[in-house]
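Visitor: I'd like to go over a predicted model; first the sequence, then the structure.
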Amino acid sequence: MKIVSLSTLAGASLMLVVGGACAEQYLPEIASKAPYKKAYAEMLSHPTWVSKAQGTASPVEKVSAEGKSFTVGHMCKPHDCADNQLIVVFNADGTKSWGLLATRPADGEAFSKQLLGNPDSVVQGLLNKSFSDNNPED
């Protein structure tokens, strides 16, 4: 009987240690350690054509919205424009930018859209208009 009680107690203690170890970890800690570090970096990274601005593009446009001037540009992944697009809006002096990254799975489903740079409603409108202008059938 004593042996069963000791093994039960040891098992319960081990469960508490394992459970406690998980409860004491925080995102900044695990995001800097393997295997989490790689997954975290991949989540935050963008394809090369986006991060290095090496896509197929059309000329930028100067536009105005609510009394402010902006520059709007459209770019897509080379050889895959139909499914991978980036629209970028710059403020008048080019010191701030916002984007809309639109990607579509190979099965032709709807675009998945990701806003970049925390645009306000005015800039979101410019991003969405540019996307619509470049994708009249979507």
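Guide: Yep, that arrived.
Visitor: where along the chain do the helices fall?
Guide: Secondary structure of the chain by DSSP state H: the helices cover 2-23, 27-30, 36-44, 48-51, 121-134.
Visitor: excluding chain neighbours, what is closest to His46?
Guide: Leu101 (7.0 Å; CB to CB, 6 or more residues apart in numbering). For glycine as for every other residue, the C-beta is placed from the backbone atoms N, C-alpha and C.
Visitor: gap between that neighbour and Glu61?
Guide: 19 Å (CB to CB, to the nearest Å).
Visitor: and Met75, by the same measure?
Guide: Counting by CB to CB, the separation of Met75 from Glu61 is 13 Å.
Visitor: what of Gly125?
Guide: Applying CB to CB to Gly125 and Glu61 gives a distance of 14 Å.
Visitor: same question for Lys77.
Guide: Relative to Glu61, Lys77 is positioned 21 Å away (CB to CB).
Visitor: and these two? Which one has more around it.
Guide: Lys77 (19 against 13; other CB atoms under 10 Å).
Visitor: pLDDT score assigned to that one?
Guide: Note on Lys77: pLDDT of 96.
Visitor: list the contacts of it.
Guide: Applying CB atoms under 8 Å, 6 or more residues apart in numbering to Lys77 gives the contacts 47, 49, 55-56, 83-85.
Visitor: kindly state the domain boundaries assigned to this structure.
Guide: Following automatic domain parsing, one finds the domains of the chain at 2-44, 55-134.
Visitor: lowest-confidence helix or strand of this protein?
Guide: One helix or strand of the chain scores below all others by mean pLDDT, DSSP states H and E: helix 2-23, with a mean of 50.
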